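1. With the input below, show me the fold.
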Amino acid sequence: MDRHGPVFGVPGIFGVSGSSKAPGMFRISGILKGTGLKERRGVKEGKEGIETMSMTKTTPILNNKLFLYLTEFFAGMSVMAVELGASRLLAPYFSSSQIVWTIIIGTIMIAMALGNIYGGRSADKNPDPDRLYGRILIAAIWIAAIPVVGKYIVLGISAVLVFTVNTNFLIWAAFAACMVIFVFPLFLLGTVTPSLAKYSVDSLADSGKTVGMLNAANTIGSIIGTFVPTFISIPAVGTSVTFLIFAGILLALSLLYFASGRRGAVKGAVAAVLFVVCCFAGKSGSFAFWEKGLTYEGESIYNYLQVKENDRSVILSTNVLFGVQSLLVKEEGLTGMYYDYAMAAPLMTEQEDPGDCKVLILGMGTGTYATQCRNYFGDMEIEGVEIDEKITALAREYFALPKDVPVTTYDGRAFLNAVEGRYDVIMVDAYQDITIPFQMSSVEFFTLVKEHLTEDGVMVVNMNMRGSGEGSINAHLADTISSVFGEVYTVDVKGSTNRELFASDNQQMLSNLTAHRQKVAAEDLAAMMETVEGQLTAYEGGSYIMSDDKAPVELLGMQVIDELIRDEVALYKQIYEEKGIKGVLDAL
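-> Next up is the predicted model:
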C-alpha cells in the first residue's frame, strides 16, 4: 500500500495508516510526511513517512465532526454561564462591584490558560478522546456541586481570612473563594479546545478551517452562555438551578460520548447519581442559609433579594453580610435610620408647607423615604426611579408603597438626561450593593441634578460609609458636590456608618429649616429635626473632585469596608488570641 500519504479510516476525524494494525490504530492528526513535525511517543520519522501510535477504541459518534463542534459549543457556553453564576454566588457576600468582577474574570482566565496548556500537551502525549470527555464529566459534577457547597466555602474562607487579613479583606476573600470554587472545573473545560483541535484536524491543508470552526463554535456558545443566565435562567429559576442546568448539559454530552462507545458505564452511573444528589441538595439556593423564616428570598437581573419581617418592621437586604437597604415601620413612626435625617430636606426649601414640595428619589428601593414623607407631610407629589423592577414589585407587595407614587424602572442618571422637570427636593440614594455607582458620583452627575432642582431646591445624598482620614470616599463625594453647590451641610447618623449631606444654592436653607421645623405637628419628627439642626456642620470643599473620567468609588469603598471589618472583629481577635477558637464560638 502506498505510504507516501495518509489513508483515512474514520473520515474527518482520525486517519488510519496503511499498517496491518490499521483497525485499532489512529493516525496522529495533522502530521504528514515531510512536515518536520515530531511526536514525543510512538512515532518514528523516516523517508517513508511516520509510523502510527496506539490509541483507544473507536467511538462511532466521532465519525461526525458535528459532535466535536457541539462539544466546543457547549464548553464555551458553560464557561460563560459559570462565570456569570460566580458573580451571583459571590455578590450576596462580597458585592458585584467592578473589583469583584475583575477578580472573577482574572481567576477564570488563569484557569482557562492553564487548561489550554495542559490540554494541548495532554493531547500530544496521549490523544485519547476518553480522557477529554472524562475531564468534562468531572467538570460537570464539580459545577453541579457548587450550589450545594459553594456558600459554605465562601463563608468558611471569609471566617478564616477575617482573622488573618488586615487590609483588602473583600478582595482577598473573593479571590480565594474564586480559586477554590471555580478554577478547577474551568481548568478542565479549558482543555477542550486544544484537545478537539488535535482530534478534528485531518491535514495541514484544512487545519485553519477546522480550528476556525472550533473557535467559532466556542464563541457562539459563549455568546449564548452570556445572555441565557442573565436574562432567562437566573431571573426565572435562580443561580443554583442555573449551575445545575449547565452542569447537566455537560454531563449529558459526556454520557452520550461514552454510551456511543459502549464503555465507561461505571463512571457514567456514578456521575449521574452524584448529579441527582446535587439537584436535590442544591436546588434551594438559599444564600443566607442560617436565616430562618424569611418572608421572601429570590434574585433579579441586578440583585440578590431578601425580605425578612419582625414585630416592628419589614426589611429588605441585597447583601447577606452588609446592611439594610430599605424597611417599613409597621407602626408608622420614625425608622431609626438615615431616612429620619433626610426628612429635613423638604423643610429646607422655601415651601411654607413641606407637603407642597415636589420630590424625586433616585434609588427608590422599596420606597421607605417616600412612605415616610407621605406619613409626616401629607400627600406630597413624589416620583421614584429604581433600576430593579423586582424591588419595585416587592415594594408594592411587602412595603406598602402607595399606589399613586409612580416608579420609573431606569438608571437614575439616564432618567435625568431624559426628563426636563424640576423638583424641590432630589434625594440621591442609589447604590450598587454597598457602593455608590461611579456614574452617580461625578461632578457631571451632580451638575445634572442641580439643573433639575428649582431655584431654592435641595439635594440630599445618603453616604452610607462614613470613611475616616484624608481622601476618604466621603471626602471625595463632599468635595465633588461642593464644587457644584454653594451651600453644603453634613450630619452623621447616630448608631450607623451613614452620613447625610444636604446641598443647595439657597443661602437660607438653614434658616428655612429652623422656621419650618417649628410647625411640624408630629412630636417625634419635630424632635428629630431639632437634633438634625443642632448637628448639621457646614462643609468646606477640598480638592478631591471626581469626574466621569476618574471616580474610584469602589476602591475607596473597599477601604471603608476594611475599616468597618477591623473594628467589628477587633474584639473577636483578642478573644481568639486569649482563648482560641472555642472562646470565639462561645462569644458568638
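2. ok, residue 401 to residue 373 distance?
-> 12 Å (CB to CB, to the nearest Å). C-beta here means a position set from N, CA and C on the backbone, and glycine is covered the same way.
3. Show me what the mean pLDDT comes to for stretch 243-252.
-> Averaged across stretch 243-252, the pLDDT comes to 96.
4. hang on, residue 354 packs against residue 346?
-> Yes - with contact defined as CB atoms under 8 Å, residue 354 and residue 346 form a contacting pair (3.7 Å).
5. Mind listing the shared neighbours of these two?
-> 377, 380 (CB atoms under 8 Å, 6 or more residues apart in numbering).
6. and residue 338, how many neighbours?
-> Residues lying near residue 338 (other CB atoms under 10 Å) number 24.
7. what's near enough to touch it?
-> Residue 338 is in contact with 462, 464, 493, 496, 498, 500, counting by CB under 8 Å, 6+ apart.
8. And residue 555, by the same measure?
-> Contacts of residue 555 (CB under 8 Å, 6+ apart): residue 99.
9. so for the helix or strand in which it is found, what's the average pLDDT?
-> Per DSSP states H and E: residue 555 is located in helix 553-587. Mean pLDDT, helix 553-587: 70.
10. Tell me where the model's unsure across the chain.
-> 1-59, 166, 202-203, 283-291, 320-323, 433-434, 465-469, 564-573, 576, 581-588 (pLDDT under 70).
11. domain parsing for it?
-> According to automatic domain parsing, the chain is divided into the following domains: 1-55, 66-282, 334-551, 562-588.
12. and of the ones you listed, who's closest to residue 310?
-> When these are compared by CB to CB, domain 334-551 sits nearest residue 310, at 13.0 Å.
13. Show me the strands in the stretch 151-300 of the chain, by range?
-> Remark: strands assigned in the stretch 151-300 of the chain by DSSP state E, counting those that start in this stretch are 296-299.
14. do the same with the stretch 451-588 of the chain
-> 453-463, 487-492, 499-504, 537-538.
15. picking up where we left off before, for ChimeraX, what selects the buried ones among the contacts of residue 338?
-> To isolate the buried members of those in ChimeraX, using 16 or more other CB atoms under 10 Å:
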select :462,464,493,498,500
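16. From the contacts of residue 338, pick the one nearest residue 431.
-> residue 464 (6.6 Å).
17. Can you tell me the closest non-neighbouring residue to that closest one?
-> Once flanking residues are discounted, residue 464 sits nearest to residue 498: 5.3 Å by CB to CB, 6 or more residues apart in numbering.
18. Next: residue 178.
-> Closest to residue 178 by CB to CB, 6+ apart is residue 107, at 4.1 Å.
19. pretty sure the one you found is touching residue 175, no?
-> Yes - counting by CB under 8 Å, residue 175 is a contact partner of residue 107 at 6.7 Å.
20. Between these two, which is the more surrounded one?
-> Legend: neighbour count by other CB under 10 Å for residue 107 and residue 175, higher for residue 107 (23 against 20).
21. Which strand or helix spans residue 426?
-> Of the helices and strands defined by DSSP H and E, residue 426 is found in strand 423-428.
22. who does that strand pair up with?
-> The strands beside strand 423-428 in its sheet (DSSP bridges) come out as strand 358-362 (parallel), strand 453-463 (parallel).
23. buried ones in stretch 240-258?
-> 240-251, 253-255, 257-258.
24. If you could redo that for stretch 352-359, that was the one I meant.
-> 354, 357-359.
25. same question, stretch 432-452
-> For stretch 432-452, the neighbour count (16+ other CB under 10 Å) marks 432-446, 448-450, 452 as buried.
26. Among those, which lie within helices?
-> Among the buried residues of stretch 432-452, the ones falling in helices (DSSP state H) are 443-446, 448-450.
27. measure residue 501 to residue 537 for me?
-> Plainly put, residue 501 is 10 Å away from residue 537 if you go by CB to CB.
28. next one: residue 120
-> To residue 537, residue 120 is 63 Å away according to CB to CB.
29. re earlier: kindly compare burial across the strands paired with strand 423-428 and name the winner.
-> Per residue and on average, the most neighbours among these fall to strand 358-362, with a mean of 25 (mean count of other CB atoms under 10 Å).
30. in the sheet, who's paired with residue 407?
-> Going by DSSP bridges, residue 407 forms beta bridges with residue 384.
31. so it sits right up against residue 385, yeah?
-> Yes - look at residue 407 against residue 385 with CB under 8 Å: they come within range, at 7.2 Å.
32. which residues are common contacts for those two?
-> With CB under 8 Å, 6+ apart, residue 407 and residue 385 have common neighbours residue 364.
33. coming back round to it: among the domains of the chain, single out whichever gets nearest to residue 297.
-> domain 66-282 (9.3 Å).
34. Near residue 541, how many residues? Count them for me, please.
-> 16.
35. need the contact list for the residue nearest to residue 464.
-> Contacts of residue 498 were listed using CB under 8 Å, 6+ apart, and they are 337-338, 462-464, 466, 492.
36. State the helix or strand in which the nearest residue to residue 525 once chain neighbours are set aside lies.
-> In this structure, residue 525 finds its nearest non-sequential neighbour in residue 376, 5.2 Å apart by CB to CB, 6+ apart. According to DSSP H and E, residue 376 maps onto helix 368-377.
37. Just the residues contacting that helix, thanks.
-> So helix 368-377 is contacted by 326-328, 332, 334-335, 339-340, 342-343, 346, 354-355, 357, 359, 361, 364, 380, 382, 384, 399-402, 405, 427, 429, 520, 522, 525 (CB under 8 Å, 6+ apart).
38. Restricting the selection to alpha carbons, write stretch 384-394 to CSV.
-> Presented in CSV, the C-alpha positions along stretch 384-394 are these (Å, rounded to 0.1, in the frame of the first residue of the first chain):
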residue,chain,number,x,y,z
GLY,A,384,-39.2,57.5,42.2
VAL,A,385,-36.5,56.0,39.9
GLU,A,386,-35.4,52.4,40.6
ILE,A,387,-33.4,50.3,38.2
ASP,A,388,-34.5,46.9,39.6
GLU,A,389,-38.2,46.4,38.8
LYS,A,390,-38.3,43.4,41.0
ILE,A,391,-37.5,45.6,44.0
THR,A,392,-40.4,47.8,43.0
ALA,A,393,-42.7,44.8,42.9
LEU,A,394,-41.6,43.9,46.4
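39. Give me the contacts around it.
-> Outside stretch 384-394, the residues touching it (CB under 8 Å, 6+ apart) are 235, 296, 298, 300-303, 305, 307, 316, 326, 360-367, 370, 395, 401, 405-412, 415, 430.
40. which parts of it are buried?
-> For stretch 384-394, by 16+ other CB under 10 Å, it's 384-388, 390-392, 394.
41. Restricted to strands, list the residues you listed.
-> Judged by DSSP state E, the subset of the buried residues of stretch 384-394 located in strands is 384-385.
42. Out of the buried residues of stretch 384-394, the closest to residue 541 would be?
-> residue 385 (27.0 Å).
43. Please report the distance of residue 351 from residue 506.
-> Using CB to CB, residue 351 is found at 12 Å from residue 506.
44. for residue 557, same thing?
-> Separation of residue 557 from residue 506 (CB to CB) stands at 30 Å.
45. between the two, which one's more packed in?
-> residue 557 (25 against 21).
46. Apart from its chain neighbours, what residue comes closest to that one?
-> Closest residue to residue 557 apart from its sequence neighbours, by CB to CB, 6+ apart: residue 435 at 3.9 Å.
47. Could you do residue 303 as well?
-> Residue 303 sits nearest to residue 318 (CB to CB, 6+ apart), 4.5 Å away.
48. wait, what's in contact with that neighbour?
-> 92, 303-306, 325, 433.
49. from these, which ones fall inside helices?
-> Mapping those onto helices (DSSP H) picks out residue 92.
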